[in-house]
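S.K.: pasted the sequence and its predicted model underneath.
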Amino acid sequence: MNDDFTLVDKAFEPLLKAAAGNVHVLLKLAEQSRHRGDLNRAIELAKQAKDTAPDNPEAVTTANEIISRAIPNWHVSLVKDHQRNDAFEAALIRNIKPGMRVLDVGAGTGLLAMMAARAGADKVFSCELNPAMAAVAADVVRANGFADKITIIAKNSKDIDANADMDGRADLVVAEILGSDLVCEQVLPAMRDVVSRLAKPGAQLIPQSGDIVVALAHWDDLNKQRMDNTAGFDLSPFNQLQRPSFKLHGANPTLHLRGTAANLFSFDFSDTQTPEERVTMDLVADGGQVNGVVQWIRLQMDEEGELENRPGREATSSWACLFHPLPEAVETVAGQAITIGASHNGNRLRIWAA
Ligand SMILES: C[S@@+](CC[C@H](N)C(=O)[O-])C[C@H]1O[C@@H](n2cnc3c(N)ncnc32)[C@H](O)[C@@H]1O
């Protein structure tokens, strides 16, 4: 695989030389680089195309489109999630002491790094695996006057060398690399590595721990997501291709909690061992029709602060709730238990009716 990559890379070099100054070729090569997964090069070539033809609106639009496809669109809702931002900032203010050096894992826009600097950190190292995002974070940090305090490192945390990149280990680590199921952004392997190589022993982690929480629920619109009869044809075999869970906003008025919340898995992010896990548990109903299990997350920010995206009419969180349908809806009475199974491998969470 590596040899193939090197070969393609070699074949690319003369094309790059020939492309200099030719906006169409630059854009074609940017597109091909993106297809090959070489985001750094795709972005660099798209930027070159823009510099080559700044007055060509088609070229600028195409270049912007190539660059923006490298960026997930949830960054906007994330930074507008004030409950999340406030919980992180409050924990940073409580824990940052003068002279501290902070590592921010997953810079994004640089928001948490700037909060850490504002809270009094001496120096903040903020790493970002997405090169386009890292470049934007550096622009944001500069524009806000924090360039002397914050260093954006355009790397995955696993590729950071504490001495070469950060002048030694960090006193405090803030890491918002948390998906709606907690694990899908690989927070567990990333934090294992950060704790063992990049943080001082006993360094405060924000958040320090997290729970994957579940409860029985009814989602009125579940059947709208399923294929059945259309124009007299039975399209239901398509349903076997559907994902096992659906992302819903916590305030979705068609989602109803139907039971007591329970912790499915709990993680202490300072643990250097997080084995794969599998559980079977009984979820207790409040009564009424149940057609699935809804899952959300709860974070312990530090000794004091908590942040949870429990579903409910008032929910505003940018983290979605995940609805896992049961094979059949069940009419429950209060106190009735429904058994579920679940597993995670540090990356994927699976929930099923046991
Ligand atoms: C959920 S966003 C949070 C961004 C920002 N910290 C905030 O709170 O607004 C996570 C960011 O971390 C980056 N990321 C995820 N895992 C990473 C890792 N192990 N090392 C560096 N960046 C990472 C992603 O590319 C993404 O931009």
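M.R.: Happy to help now that I have it. Numbering: from 1, shown residues only.
S.K.: C-alpha from now on. contacts and neighbour counts both.
M.R.: Will do.
S.K.: residues from the chain in reach of the ligand?
M.R.: For the chain, the residues in contact with the ligand (C-alpha under 6 Å from any ligand atom) are 78-79, 105-109, 111-112, 127-130, 155-157, 176-178, 190.
S.K.: which of those residues count as buried?
M.R.: 105-109, 111-112, 127-130, 155, 157, 176-178, 190 (16 or more other C-alpha atoms under 10 Å).
S.K.: in the stretch 1-150 of the chain, what residue is nearest the ligand?
M.R.: For the stretch 1-150 of the chain and the ligand, the shortest gap (C-alpha to the nearest ligand atom) falls at Gly106, measuring 3.0 Å.
S.K.: contacting residues for that residue?
M.R.: Gly106 is in contact with Ser126, Cys127, Glu128, Leu129, Ala175, Glu176, Ile177, counting by C-alpha atoms under 8 Å, 6 or more residues apart in numbering.
S.K.: for it, phi and psi?
M.R.: Main-chain torsions, Gly106, degrees, to the nearest 10: phi 90, psi 70.
S.K.: farthest residue from the center of this protein?
M.R.: The C-alpha centroid of the chain is most remote from Gly232, which lies 41.4 Å away (C-alpha atoms, centre = their mean).
S.K.: just to revisit the earlier point, from the residues of the chain next to the ligand, which land in helices?
M.R.: Those of the residues of the chain next to the ligand mapping onto helices are Leu78, Val79, Leu111, Leu112, Ala190, per DSSP state H.
S.K.: can you list the strands that the helix or strand hosting Gly292 pairs with?
M.R.: Following DSSP states H and E, one finds Gly292 within strand 288-300. Using DSSP bridges, strand 288-300 pairs in its sheet with strand 209-219 (antiparallel), strand 306-308 (antiparallel), strand 321-332 (antiparallel).
S.K.: from the chain's centre, how far out does it sit?
M.R.: Centroid separation between strand 288-300 and its chain, computed with C-alpha atoms, centre = their mean, to the nearest Å, is 19 Å.
S.K.: ditto for stretch 62-79
M.R.: 14 Å.
S.K.: please apply the same query to stretch 235-254.
M.R.: With C-alpha atoms, centre = their mean as the basis, stretch 235-254 stands 20 Å off its chain's centre.
S.K.: and if you look at stretch 309-320?
M.R.: Here stretch 309-320 is found 16 Å from its chain centre; the criterion is C-alpha atoms, centre = their mean.
S.K.: pull the contacting residues for the closest residue to Ala46 other than its chain neighbours.
M.R.: Of all residues not flanking Ala46 in the chain, Ala63 sits nearest, at 4.8 Å (C-alpha to C-alpha, 6 or more residues apart in numbering). Ala63 makes contacts with Leu27, Ala46, Lys47, Ala49, Lys50, as judged by C-alpha under 8 Å, 6+ apart.
S.K.: which parts of the stretch 201-350 of the chain are strands?
M.R.: Ranges of strands in the stretch 201-350 of the chain, per DSSP state E, counting those that start in this stretch, are 209-219, 229-230, 233-234, 246-248, 255-257, 262-268, 277-284, 288-300, 306-308, 321-332, 337-344, 349-353.
S.K.: which one, of those, ends up nearest to Glu58?
M.R.: Closest of the strands of the stretch 201-350 of the chain to Glu58 is strand 246-248, at 35.4 Å (criterion: C-alpha to C-alpha).
S.K.: who does that closest one pair up with?
M.R.: Strands that pair with strand 246-248, judged by DSSP bridges, come out as strand 321-332 (antiparallel).
S.K.: need the contact partners of the strand it pairs with.
M.R.: For strand 321-332, using C-alpha under 8 Å, 6+ apart, the contacting residues are 180-181, 219, 222, 244-250, 285-296, 309-311, 351-353.
S.K.: just the buried subset of those residues, please.
M.R.: 180-181, 219, 245, 248-250, 285-287, 289-296, 309-311, 351-353.
S.K.: got the contact list for the residue of the stretch 251-354 of the chain at minimum distance from the ligand?
M.R.: With C-alpha to the nearest ligand atom as the measure, Trp319 is the residue of the stretch 251-354 of the chain nearest to the ligand, at 9.5 Å. By C-alpha under 8 Å, 6+ apart, the contact set of Trp319 is Gly179, Ser180, His249, Asn309.
S.K.: which one of the residues you listed is nearest the ligand?
M.R.: Among these, and counting by C-alpha to the nearest ligand atom, the member closest to the ligand is Gly179, at 7.0 Å.
S.K.: quick check: pLDDT value at the closest one.
M.R.: For Gly179, the pLDDT comes out at 96.
S.K.: surely it meets Glu185?
M.R.: Yes - using C-alpha atoms under 8 Å, Gly179 is in contact with Glu185, at 5.6 Å.
S.K.: dihedrals phi and psi, the residue nearest to Leu198 when sequence neighbours are not counted?
M.R.: Spatial nearest neighbour of Leu198, excluding adjacent residues (C-alpha to C-alpha, 6+ apart): Arg169 at 4.9 Å. Per-residue torsions, Arg169: phi -70, psi 160 (degrees, to the nearest 10).
S.K.: count of neighbours near Arg169?
M.R.: Residues lying near Arg169 (other C-alpha atoms under 10 Å) number 23.
S.K.: what does Arg258 give?
M.R.: With other C-alpha under 10 Å as criterion, Arg258 counts 24.
S.K.: begin at 502, not 1, for the rest of this chat.
M.R.: Let's use 502 as the start, then, which means that last one is Arg759.
S.K.: list the residues that contact it.
M.R.: Going by C-alpha under 8 Å, 6+ apart, the list of residues near Arg759 reads Ala716, Leu717, Ala718, His719, Ala786, Asp787, Gly788, Gly789, Gln790, Val791.
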